[in-house]
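Q: Quick one, structure for this:
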Amino acid sequence: YLDIRLAIDADAGKLKFMHGFAGCKVGNRRSDAKLYLDSVIQDCYKFLDDNPGETIIFVAKKDHGDQTIAEFQEKLASYIDEQPEKWFTENRIPQIGEVRGKLVLARRYDDEASLGEEKSGLNLVWTEQGNHEIAEISYELNEQKNGLEICIQDRYKYDADDKWAAFTSAIDNVLLSGEKSDSSDVYITFLSTNGDTKFGHPIKYAIPLNKKFWAYEMQSGKNYGWIILDYATTELAQKVYMTNF
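A: Next comes the predicted model:
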């Protein structure tokens, strides 16, 4: 699961990585070159070539710039059209066997370019959850036009304790809903947060939250949906994977 934030670089005619108003670089210095989608996609292709049994959920969002969503979609589509066999772009949840060795395009924007159900990608539009105030219910349920239901907990402005409470509440909801939900439902639960201060940093919160998650008891054979972690380790990833057995 890759959280991809992009903007059109009008001068270069390419998509560059952004996070809010901040541009991403290839290194740690402000003087380093901009990070463009070209190089990241090549890394994705190489990973899939080396690991053909894997798939990448490629969740794209326009995060900056004056261009329209339609212009952004068309620019992203130009990258995909270079190697379409590497992509799954339908607006539906695929079976894993369909997408091994591929990137699954998911989008956090409406299909303003009218690319259609075959080319626009999986509709994962949800309301921003950047509120500091504690919500009575930690997650939100959005019903999409195609009947897809997505239940999202992405409270990214909570402190560590409140975030953990939101995380476990959402996970409890997934487990309770698991028996009655069908294959068109998507449950996404984020453990990541940027904190409740004006200038936070995800790693400050990921360290204690990942430690709690490591100690959290998970049951095998249960549907936990998609669990998204910041700074995940091999051991934490395996903890999630093993619930499938």
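Q: C-alpha only now, for contacts and for neighbours.
A: Will do.
Q: Check which strands are paired with the helix or strand of the chain with the lowest mean pLDDT and give the direction for each one.
A: Lowest on mean pLDDT, DSSP states H and E among the helices and strands of the chain sits strand 140-143, with a mean of 83. Strands adjacent to strand 140-143 in the sheet, as given by DSSP bridges, are strand 149-153 (antiparallel).
Q: Now do the partner strand: everything it contacts.
A: Strand 149-153 has contacts (CA atoms under 8 Å, 6 or more residues apart in numbering) with 124, 126, 129, 138-144, 166-167, 170, 184-190.
Q: Now do the lengthiest helix in the chain against strand 149-153, angle only.
A: The single longest helix within the chain, with elements called by DSSP state H, is helix 160-177. Relative orientation of helix 160-177 versus strand 149-153 (axes from the mean of the first three to the mean of the last three CA atoms, to 10 degrees): 150 degrees.
Q: so where's the protein uncertain?
A: Residues of the chain meeting the criterion pLDDT under 70: 145-147, 178-184.
Q: Give me the residue at the spatial middle of it.
A: Asp3 (4.1 Å; CA atoms, centre = their mean).
Q: now the strands: where do they sit in this protein?
A: Using DSSP state E, the strands found in the chain span residues 2-9, 14-19, 22-23, 56-62, 87-88, 103-107, 122-123, 140-143, 149-153, 185-190, 226-228.
Q: Please state the offset of the longest one from the chain centre?
A: So that's strand 2-9. 12 Å (CA atoms, centre = their mean, to the nearest Å).
Q: Report all helices and strands that it contacts.
A: Packing partners of strand 2-9 (3 or more CA pairs under 8 Å, 6 or more residues apart in numbering; DSSP states H and E): strand 14-19, strand 56-62, helix 69-80.
Q: May I see the ones you listed arranged in TSV, with distance to Pro208 and mean neighbour count as well?
A: Formatted as TSV, the helices and strands packed on strand 2-9 follow (distance: least, CA to CA, whole Å; neighbours: other CA atoms under 10 Å):
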stretch	distance to Pro208	mean neighbour count
strand 14-19	24	20
strand 56-62	26	21
helix 69-80	36	17
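Q: Would you mind measuring from Val174 to Lys34?
A: According to CA to CA, to the nearest Å, Val174 and Lys34 sit 39 Å apart.
Q: the more surrounded of those two?
A: Val174 (22 against 16; other CA atoms under 10 Å).
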